[in-house]
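Asker: below: sequence and its predicted model.
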Amino acid sequence: MQTGGQQQAAAAIKAQRALAVRRRAPRVRPVEHVAEEEPQVAIVLGFEALASDAVAVDRPENIDAALLARVQPKKVICPMIGEDYDALIVATHLRALNFAGTLVVVAPELPNPRMVEREIRNQAGGLRVSVVIKP
């Protein structure tokens, strides 16, 4: 059996719940806008540029501040190991140029590609790095 105080407390809780339900505004789903995507311009290092919005470069030294300013790439794509450079050299070079995009490293089959990403990112001062496995 409930006492008068318990009955009042139970009634107060029910009233608060009822008010809480009434206070909620109906959920409005945001209107999905179909925005035109910006072109994903890339600088491709050590590969042939097959896409029309990609710029092919043969050596990391050929990527300079003027090229980055002119092309404004979202990505730089390079092999993990080139003939006389590797992805770490490219990453530190891009970091020195204040590249704000993503370095995409094309690698052979690796046991732990995320570990390679972390290592390159740490050595290059936080540059965004993505390792993709070449089939």
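Answerer: Received, thanks. Numbering: from 1, shown residues only.
Asker: quick one: the strands in this structure, in order.
Answerer: Secondary structure of the chain by DSSP state E: the strands cover 42-45, 54-57, 75-79, 102-107, 128-133.
Asker: redo the ones you listed as CSV? Include mean neighbour count and distance to Asn122.
Answerer: For glycine as for every other residue, the C-beta is placed from the backbone atoms N, C-alpha and C. As requested, the strands of the chain are arranged in CSV below (neighbours: other C-beta atoms under 10 Å; distance: least, C-beta to C-beta, whole Å):
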stretch, mean neighbour count, distance to Asn122
strand 42-45, 23, 21
strand 54-57, 18, 25
strand 75-79, 22, 18
strand 102-107, 20, 13
strand 128-133, 16, 9
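Asker: in TSV: those strands, plus distance to Met115 and mean pLDDT.
Answerer: As requested, the strands of the chain are arranged in TSV below (distance: least, C-beta to C-beta, whole Å; pLDDT from 0 to 100):
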stretch	distance to Met115	mean pLDDT
strand 42-45	22	85
strand 54-57	27	86
strand 75-79	18	92
strand 102-107	11	93
strand 128-133	9	93
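Asker: is it possible to get JSON lines of the ones you listed that adds distance to Pro113?
Answerer: Below are the strands of the chain laid out as JSON lines (distance: least, C-beta to C-beta, whole Å):
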{"stretch": "strand 42-45", "distance to Pro113": "19"}
{"stretch": "strand 54-57", "distance to Pro113": "23"}
{"stretch": "strand 75-79", "distance to Pro113": "14"}
{"stretch": "strand 102-107", "distance to Pro113": "6"}
{"stretch": "strand 128-133", "distance to Pro113": "4"}
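Asker: so which of those is nearest Ile13?
Answerer: Closest approach to Ile13 among the strands of the chain (C-beta to C-beta): strand 128-133, 50.5 Å.
Asker: good, we can wrap up now.
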